[in-house]
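Trainee: Build me a model:
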Amino acid sequence: MTDTIAEVRLPTSELRDDIPFFTKVLGMRMDMIYPADDPRTAVFSGHGLRVRLDRDAPEPPGTIRILTEDPDGFAGGRRSLVAPNGTCVEIEERNPPMVIPETVHSFVVRRLKDQAPWIIGRAGMHYRDLVPSRLGGSIIASHIRIPDGGPVPDMVHFHKVGFQLIFCIHGWVDVVYEDQGDKMRLTAGDCFIQPPEIRHRVLEASDNVQVIEIGVPAEHVTEIDHEMDLPTPNYRPAREWQGQRFVYNRAKDAEWNPFRLPGYVCRDTTIAENTKGVAGVQVVRRGQGDPVWAAHDADIHFTFVMSGAVTLEGEGRDPYRLEQGDAFVIPPGMRTRLGDPSEDVELLEVTLPGVFETRPG
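Mentor: Here you go, the predicted model:
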């Protein structure tokens, strides 16, 4: 197979003005120019890009984005330039710091019977938004399903996030993770914590597998890693990514203990411990005693009803009878009560931070 080269064509009216800009200001190399007596075409390469400037090009000037580890040391520290041919040039950081927006607190109830649309997203998966407001961009909570089982058309990738949870509520899915050994099967009641930037790949799924995915912040970048093969040869279960460890928590290993609220029991997924308090995840069932009114001081408090039913009562609000597939967010300081739980009720509670105060009464 012969080597191929791709290039972007841009217009020019006077190459003599563009040559010093693309070579001296942008630091690109001129590879070609012709004809000699009256140049109308020149080709430049650099920064992973090949650009052809052509006097006869019909296209508009366009925009070039240059990503660099040292934007202040590139092009004299300017972040926005315009070439003589009219091409806009934007200089950006190659790995900008992740910014988690301040939470815009609100009381949210999302019901399955409201028939929120399913959107086809990455790798053909169907997404249902559980917190449409995203709480000001601080969190995304998605109900994800893959209707048809079999191999998943996924690639090795990673997410630039502060926190990410994958909790299986139906079916199974096989995933392989960097430095975590061979593929792992997530079944109903199991969950993964995907630390920031851990490489992974979804391999195969059962028919109608369904998961709940929580990501912080709501808008985060997914990058493809074309170099890494999974599984990796090293098994390092204690490895940390930005202070967080990978968690594979299985329902079959659960130990049930009293929940922070009377009337319920819970199993801890060890996520608060392994994220060093960034987030906490509990699975909650009906226990002994009567539910009580209470308020919390967590920044984000999200709950998904996995089975059964419960009545969400909120101070100054009409009660909601919630069923399987429903979700809600309780803002800090708001008094609520989870009343009249059915015998088979099971809730998924996700909080940021993982440790917070609950005030009954």
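Trainee: Low-confidence stretches in the stretch 251-361 of the chain?
Mentor: Counting by pLDDT under 70, the stretch 251-361 of the chain contains no low-confidence range.
Trainee: quick one: the strands in it?
Mentor: Ranges of strands in the stretch 251-361 of the chain, per DSSP state E, counting those that start in this stretch, are 257-258, 264-268, 280-286, 294-296, 300-307, 309-314, 320-323, 327-329, 336-339, 346-352, 358-360.
Trainee: ok, how many other residues are close to residue 23?
Mentor: Residues lying near residue 23 (other Cβ atoms under 10 Å) number 15. The way it works is simple: take the backbone N, C-alpha and C, and place the C-beta from them, glycine included.
Trainee: Just confirm residue 214 contacts residue 350, I think it does.
Mentor: Yes: under the criterion of Cβ atoms under 8 Å, residue 214 makes contact with residue 350 at 5.3 Å.
Trainee: For those two, list the residues in contact with both.
Mentor: Common contacts of residue 214 and residue 350 (Cβ atoms under 8 Å, 6 or more residues apart in numbering): 141, 165, 302.
Trainee: among these, who's most crowded?
Mentor: Most surrounded of the shared contacts of residue 214 and residue 350: other Cβ under 10 Å gives residue 141, at 27 neighbours.
Trainee: now that one, nearest residue through space, not along the chain?
Mentor: Nearest residue to residue 141 in three dimensions, chain neighbours excluded: residue 130, at 4.0 Å (Cβ to Cβ, 6 or more residues apart in numbering).
Trainee: Likewise for residue 121?
Mentor: residue 127 (4.6 Å).
Trainee: For the helix or strand where that neighbour lies, which strands pair with it and how are they oriented?
Mentor: Following DSSP states H and E, one finds residue 127 within strand 126-129. Strand pairing for strand 126-129, using DSSP bridges, gives strand 119-120 (antiparallel), strand 140-146 (antiparallel).
Trainee: Next, format those strands as JSON lines and append distance to residue 69 and mean pLDDT.
Mentor: As requested, these are exported to JSON lines (distance: least, Cβ to Cβ, whole Å; pLDDT from 0 to 100):
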{"stretch": "strand 119-120", "distance to residue 69": "35", "mean pLDDT": "80"}
{"stretch": "strand 140-146", "distance to residue 69": "29", "mean pLDDT": "93"}
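Trainee: Mind putting those into JSON lines with distance to residue 252?
Mentor: Converted to JSON lines, the strands paired with strand 126-129 look like this (distance: least, Cβ to Cβ, whole Å):
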{"stretch": "strand 119-120", "distance to residue 252": "32"}
{"stretch": "strand 140-146", "distance to residue 252": "23"}
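Trainee: Pick the most deeply packed of these.
Mentor: strand 140-146 (a mean of 21; mean count of other Cβ atoms under 10 Å).
Trainee: Specify the angle between it and strand 300-307 in degrees.
Mentor: 30 degrees (axes from the mean of the first three to the mean of the last three Cα atoms, to 10 degrees).
Trainee: rewinding a little: name the residues that touch the strand holding residue 127?
Mentor: So strand 126-129 is contacted by 110, 116-121, 140-147 (Cβ under 8 Å, 6+ apart).
Trainee: my read is residue 204 is in a strand, agree?
Mentor: Yes: according to DSSP: H, G, I helix; E, B strand; the rest coil, residue 204 belongs to a strand.
Trainee: Please report how far it lies from residue 154.
Mentor: 10 Å (Cβ to Cβ, to the nearest Å).
Trainee: What pLDDT does the model give the closest residue to residue 104 other than its chain neighbours?
Mentor: Closest residue to residue 104 apart from its sequence neighbours, by Cβ to Cβ, 6+ apart: residue 136 at 3.0 Å. According to the prediction, residue 136 has pLDDT 96.
Trainee: and what of the one 3 residues further on?
Mentor: Note on residue 139: pLDDT of 96.
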